[in-house]
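1. I need the structure of the sequence given here:
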Amino acid sequence: MTAASHRYSSVAIALHWVIALCILSMIPMGLWMTSAIGHPDTQALAYRMFQIHKSIGFLILGLTVLRIIWRLTHRPPALPGGMKRWEAFAASATHVAFYGLMLALPLTGWLYVSAGWAVSTDKALEVATSWFGLFPIPHLPGVADLPAGVKRALAFQAMGAHSLLAWGAVVLIVLHVGAALKHQFLDRDGVLSHMLPWLKSGHAGLGHAPRSPWAERAVGLGLIGVIAAAGAIAARPYAQPGLPMTAEAKPAAASAPVAPAEAAVTPGTAAAWTIDSAASSIGFTGTHAGKGFKGRFDRWQGQVWFDPADLAGSKAVVTVHTASARTGDPTQEGSLQGAEWFDPAQYPEARFEASSFHSLGGDKYEATGTLKIKTVTVPVVLPFTFTETGGVATVEGKLELDRTALNLGMESDATADWVSKMIGVQIKVSAKRAG
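-> Residues are numbered from 1 along each chain as shown. Now for the predicted structure:
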């Protein structure tokens, strides 16, 4: 038998150590961020750590599936011939338990995220998941459509299982490392060289390759099941749907007036302008997890009729494609697509219509109108400046909007613990006289 046959394949070794490093990084990360998320000074960093934690979890899940497939199609190296029967049994059961943990940990985390309920605050909290900012990962099918009480129960039980599984992983890691060191320095049978190619193989005779009989499989998987069940049972007192639902209250904006169906735009009698999209922008600002953010809408259109000498005949209608909201943070952008925020799948456009203009002196003006987002319409007053040079006008304006009045984020963050209640909006428009 060659030396190479005494070791796992290069693919198996690489998968083992990458997954091991990921798991070892996740444990201290999880302990720190669950404590730090509740403190204003560390909330922003903890939020980002949560996103990294989720991404690594999905990486572990994907690599574990690949590793299981590889294990089923490639025979592992044989155990030492002199290995006691109980040691071989324990080794096989521990391996099965590790595979179960590497699947169960990310799956319970995925279920928790999909439930959209924060255990730490006992409130709804819908947060999108983006894999290292590269692409979105959807929630588990059907979970988002469950009643709030059921989602709350699932969140508590999933997090209870997730936490105990994490501690179970710590125990297994200690046992695994201890056994590997025993084989290397006491038994000197070369078992550690199976995963460390630079170590010399042991001199003990080789036995049969482990086959993971049903008994070992049952013990390993049973251990994982007991840990997960214990976590779910421990969380049950907090997960009963009959307990008060602190985030079940209907948002204040639910009673806001609903705008009628959109009618065709009636042009104003003032001069018409053609907007230069490349030189114009609509941005927004606020705070999230204690840290400021800036965003913009990449797609919007506007129709403007304006003349300082004919304010009565001036008018403006701006339509914004809410799915084009960008902040540079994939998780924020994904959350903005959710039903409690912009929900562009149901309401693809927001509409601002200004029908009354007033001069404030000099180049300063004020537009009064309405803003409709989803089914809610609110009155809006937009102060702006207007300057014209050579038939090209520049308009700049700022205002603040109360997102709670617009029914934005009211299920997860009605009290503005995460996202600021007031959102600043900044517009800059460059336009030419039409015709």
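2. going forward, measure contacts and count neighbours with C-alpha atoms only.
-> Noted.
3. and the gap between residue 158 and residue 108?
-> For residue 158, the distance to residue 108 (C-alpha to C-alpha, to the nearest Å) stands at 5 Å.
4. of those two, give the one with the bigger neighbour count.
-> Between residue 158 and residue 108, counting by other C-alpha atoms under 10 Å, residue 158 is the more crowded of the two (26 against 22).
5. how close does the more buried one get to residue 110?
-> Spatial separation of residue 158 from residue 110 under the definition C-alpha to C-alpha is 9 Å.
6. quickly list what the residue nearest to the spatial centre of the chain is bridged to.
-> Relative to the mean C-alpha position of the chain, the nearest C-alpha, by C-alpha atoms, centre = their mean, is the one of residue 129, at 2.7 Å. Residue 129 has the following beta-bridge partners by DSSP bridges: residue 137.
7. report the contact partners of it.
-> With C-alpha atoms under 8 Å, 6 or more residues apart in numbering as the criterion, the residues that contact residue 129 are 51, 54-55, 136-139, 331, 334.
8. list only those of these flagged as buried.
-> Applying a neighbour-count criterion of 16 or more other C-alpha atoms under 10 Å, the buried members of the contacts of residue 129 are 51, 54-55, 139, 331, 334.
9. can I get those residues in TSV including secondary structure, distance to residue 63 and pLDDT?
-> TSV is the format used below for those (DSSP: H, G, I helix; E, B strand; the rest coil; distance: C-alpha to C-alpha, whole Å; pLDDT from 0 to 100):
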residue	secondary structure	distance to residue 63	pLDDT
51	helix	18	93
54	helix	14	96
55	helix	12	96
139	coil	19	94
331	helix	23	92
334	helix	25	93
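10. any idea which of these is closest to residue 275?
-> Here the nearest of the buried ones among the contacts of residue 129 to residue 275, counting by C-alpha to C-alpha, is residue 334; it sits at 29.0 Å.
11. does the closest one touch residue 133 like I think?
-> No - distance between residue 334 and residue 133: 10.2 Å, which falls outside the contact criterion (C-alpha atoms under 8 Å).
12. quick one: the strands in the stretch 301-435 of the chain, in order.
-> With DSSP state E, counting those that start in this stretch as the criterion, the stretch 301-435 of the chain has strands at 315-321, 325-326, 349-361, 364-373, 376-389, 392-402, 422-433.
13. for residue 62, find the nearest of those.
-> Of all these, it is strand 325-326 that lies closest to residue 62, at 28.5 Å by C-alpha to C-alpha.
14. what is the closest one packed up against?
-> Strand 325-326 is packed against strand 291-297, helix 330-336, with contacts defined by 3 or more C-alpha pairs under 8 Å, 6 or more residues apart in numbering; DSSP states H and E.
15. partner strands of it, parallel or antiparallel?
-> Neighbouring strands of strand 325-326 in its sheet, by DSSP bridges, are strand 291-297 (antiparallel).
16. ends of stretch 125-141, what's the gap?
-> End-to-end span of stretch 125-141 (C-alpha to C-alpha): 17 Å.
17. and after the lowest-mean-pLDDT helix or strand in the chain, which helix or strand comes next?
-> Across the helices and strands of the chain, the lowest-confidence element by mean pLDDT, DSSP states H and E is helix 214-239, at a mean of 60. Next helix or strand after helix 214-239 toward the C-terminus (DSSP states H and E): strand 272-275.
18. buried residues, stretch 340-350. List them.
-> Of the residues in stretch 340-350, 340-344, 348-350 count as buried by neighbour count, 16+ other C-alpha under 10 Å.
19. mind putting the strands of the stretch 301-435 of the chain into JSON lines with distance to residue 304 and mean pLDDT?
-> Conversion of those to JSON lines gives the following (distance: least, C-alpha to C-alpha, whole Å; pLDDT from 0 to 100):
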{"stretch": "strand 315-321", "distance to residue 304": "4", "mean pLDDT": "97"}
{"stretch": "strand 325-326", "distance to residue 304": "22", "mean pLDDT": "97"}
{"stretch": "strand 349-361", "distance to residue 304": "9", "mean pLDDT": "96"}
{"stretch": "strand 364-373", "distance to residue 304": "12", "mean pLDDT": "97"}
{"stretch": "strand 376-389", "distance to residue 304": "13", "mean pLDDT": "97"}
{"stretch": "strand 392-402", "distance to residue 304": "11", "mean pLDDT": "97"}
{"stretch": "strand 422-433", "distance to residue 304": "9", "mean pLDDT": "97"}
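20. in JSON lines, list the ones you listed along with distance to residue 61.
-> Compiled in JSON lines, the strands of the stretch 301-435 of the chain are given as follows (distance: least, C-alpha to C-alpha, whole Å):
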{"stretch": "strand 315-321", "distance to residue 61": "35"}
{"stretch": "strand 325-326", "distance to residue 61": "29"}
{"stretch": "strand 349-361", "distance to residue 61": "37"}
{"stretch": "strand 364-373", "distance to residue 61": "38"}
{"stretch": "strand 376-389", "distance to residue 61": "41"}
{"stretch": "strand 392-402", "distance to residue 61": "40"}
{"stretch": "strand 422-433", "distance to residue 61": "38"}
